[in-house]
Structures are given as structure tokens and as C-alpha cells.
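J.: pasting the structure only:
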């Protein structure tokens, strides 16, 4: 079984003066949420083998900050097609994933991400900024479905659920 992690970019800075939507950065809250989710995914054993992000600054930064905070050793690639994509477009990226990858993460945007989770699982979710949906796909050893690609929503993790936790490394004493 293959596992797909669908992550919406963290909170962006609408007042940054960025020259375009594509160039909009994260705000402070978004940076903190990305760090939190990186640590959470590491602590629960859900670090992706491969992470593919939209080319938008806010999505790339979310992934980079999460990976660094969580100490991930994850291959990261940028796919411009994920910026402004549809659920079907995102599925096209999923089905091109090499079979040796067991856990894939896509980082991108609403409304496509909520639509993707719904299309795969039938679960209506609010993919708020920084949210990660964890989906077990009903496929065997390949990312290529035999029929319609579907899955089961295993978890829906939002940064606000973990904001008050102590994320310092455990003491070695």
C-alpha cells in the first residue's frame, strides 16, 4: 500500500509587497506552522520518501521549513504544474511517482487539495493552511491504479492542534 500526504502551504503574507501571487512568502505564523508540522510528521513516523511541491514561494518555503525542522532526509522536487492545478492534475503527478517510493508528499494549494482529498477518499475536509491529510491509497506496489485511484483518510493534522506542545528535543540525561 502506498501512502500519500497532501499538505497545504502554511499561512502566507498578503501584505508582503510580493510582485505576484506566485511570489507571496509565508508570514511568521506560517513559518511557525511549517516548523511544527515538520516536527510532528517526524515524531509520528510520517516523513515522506519524496516530497513534490508547487513552485509558488509559499509552498516551497513550507516544505523546506518543515523538512529542516523535522530533520527529514527527504528528496524534494519542485513541479510547476502543481501551482494552480486541479485534483486530476495532482493525481497525474501522483501516478508518475517511481514505484520504489512508499510515502509521497504533495505540497500545494486550495481548492485543489480539498478536492483531491475528497476525490480520493470521499471525505469533505477543510484543508486550512499548514494542514496535512494522510491517505492510504488502494494500490499495491505501484502508484498506477488498476482502476479508479481511491484511498482511505488516515489522519487530518492541523498545526493548531499541536501549537501548545513542547517541541524541544528530548533530554539526553
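T.: Yep, that arrived. The model shown is predicted, which means the values in this text are computed figures rather than measured ones.
J.: tell me the secondary structure for the spatially most central residue of the chain?
T.: For the chain, the residue sitting closest to the mean C-alpha position, by Cα atoms, centre = their mean, is residue 7 at 2.2 Å. For residue 7, the assignment made with DSSP: H, G, I helix; E, B strand; the rest coil gives strand.
J.: ok, now which ones touch it?
T.: By Cβ atoms under 8 Å, 6 or more residues apart in numbering, the contact set of residue 7 is 37, 62-63, 66, 105-108, 113, 130-133. For every residue, glycine as well, the C-beta is placed using N, CA and C.
J.: need phi/psi at residue 34.
T.: Main-chain dihedrals, residue 34, degrees, to the nearest 10: phi -60, psi -40.
J.: what's the burial count for it?
T.: Residue 34 is flanked by 30 other residues according to other Cβ atoms under 10 Å.
J.: now the closest residue to it other than its chain neighbours: which helix or strand?
T.: With Cβ to Cβ, 6 or more residues apart in numbering as the criterion, residue 34 has its nearest non-adjacent residue at 3.9 Å, and that residue is residue 65. Secondary structure from DSSP states H and E places residue 65 in helix 57-70.
J.: neighbouring contacts of that helix?
T.: Residues contacting helix 57-70 (Cβ under 8 Å, 6+ apart): 7, 9-10, 12, 18, 22-26, 30-31, 34-42, 47, 51, 53-54, 72, 74, 76, 78, 82-83, 105, 107-109, 130.
J.: could you flag which of these are buried?
T.: When these are checked for burial by 16 or more other Cβ atoms under 10 Å, the buried set is 7, 9-10, 12, 24-26, 30-31, 34-42, 47, 51, 53-54, 72, 74, 76, 78, 82-83, 105, 107-109, 130.
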